[in-house]
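>>> Please find the sequence and the predicted model below.
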Amino acid sequence: QKEVEQDPGPLSVPEGAIVSLNCTYSNSAFQYFMWYRQYSRKGPELLMYTYSSGNKEDGRFTAQVDKSSKYISLFIRDSQPSDSATYLCAMSEGAQKLVFGQGTRLTINP
Amino acid sequence: GAVVSQHPSWVICKSGTSVKIECRSLDFQATTMFWYRQFPKQSLMLMATSNEGSKATYEQGVEKDKFLINHASLTLSTLTVTSAHPEDSSFYICSARDSGRGAKNIQYFGAGTRLSVL
């Protein structure tokens, strides 16, 4: 079993829809949780960062962390075609190396 | 803020030659930088952790003599692929951890380097 599980998709939704992306993990010591967006042939771009449990909102993006269930989510409201990319969840235990999910390929259809 | 510059973005070389990739943190200091490799439609695979002023720590299965890493300053790390062969063709990405926010373990990524070995 992988330390971080993420459905690779692909996920295709119409423009304007609410998108829900999720990751589950097995290491209860993970404290730092991140979501990165990666366009094709580019490096990952940090979208959201959360420490421990809770919610965080930034514009159209909301990140949720439920440590009791070992489950994190990223919600995208009013999705746009420019949101089409691969979304990677990442997490770490303290200052240890990041552990990434497989990435979910998302397409927003106009 | 939090910009990481990586270049070249694309390099083509002949088999047997060496290629150097640079990773710079432009607006913050990075005691620790990371080098990743990514295959098509796959996630990032950590190759090594680079610490300023000390030897890099390589992940299991990564040849340290083939992938030379130097982190001579708080803003620059380099990866040299020595005697490159076609199987080394891949997308290499660096990241830098902001020393000022080290406890939060936030990594910022470069744009990546596509290496093609003929």
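Received the coordinates, thanks.
>>> per-residue confidence at A:Gln1?
A:Gln1 is assigned a pLDDT of 76 by the prediction.
>>> how about B:Met47, what does it touch?
Contact analysis of B:Met47 by C-beta atoms under 8 Å, 6 or more residues apart in numbering or on different chains lists B:35-37, B:58-59, B:62, B:67. C-betas here are computed from N, CA, C, even on glycine.
>>> go again using 6 Å as the cut-off
B:Met47 makes contact with B:35, B:37, B:59, B:62, according to C-beta atoms under 6 Å, 6 or more residues apart in numbering or on different chains.
>>> got a winner among the residues you listed for most neighbours?
Neighbour counts for the contacts of B:Met47 peak at B:Trp35, which has 26 neighbours (criterion: other C-beta atoms under 10 Å in any protein chain shown).
>>> need the residues of chain A near chain B, please.
Proximity of chain A to chain B (C-beta under 6 Å from any C-beta of the partner chain) is limited to residues A:32, A:42-44, A:49, A:92, A:95, A:97, A:100, A:102-103.
>>> and if we set it to 7 Å?
Residues of chain A that fall close to chain B, judged by C-beta under 7 Å from any C-beta of the partner chain: A:32, A:41-44, A:46, A:49, A:51, A:88, A:92, A:94-95, A:97-98, A:100-103.
>>> What about whatever residue of chain A ends up closest to chain B, how many residues nearby?
Residue nearest to chain B within chain A: A:Gly43 (3.9 Å; C-beta to the nearest C-beta). A count of nearby residues for A:Gly43, using other C-beta under 10 Å, gives 23.
>>> phi, psi of it?
Main-chain dihedrals, A:Gly43, degrees, to the nearest 10: phi -80, psi 160.
>>> Nearest residue to it in space, please, no chain neighbours.
Leaving aside its sequence neighbours, A:Gly43 sits nearest to B:Phe109 (C-beta to C-beta, 6 or more residues apart in numbering or on different chains; 3.9 Å).
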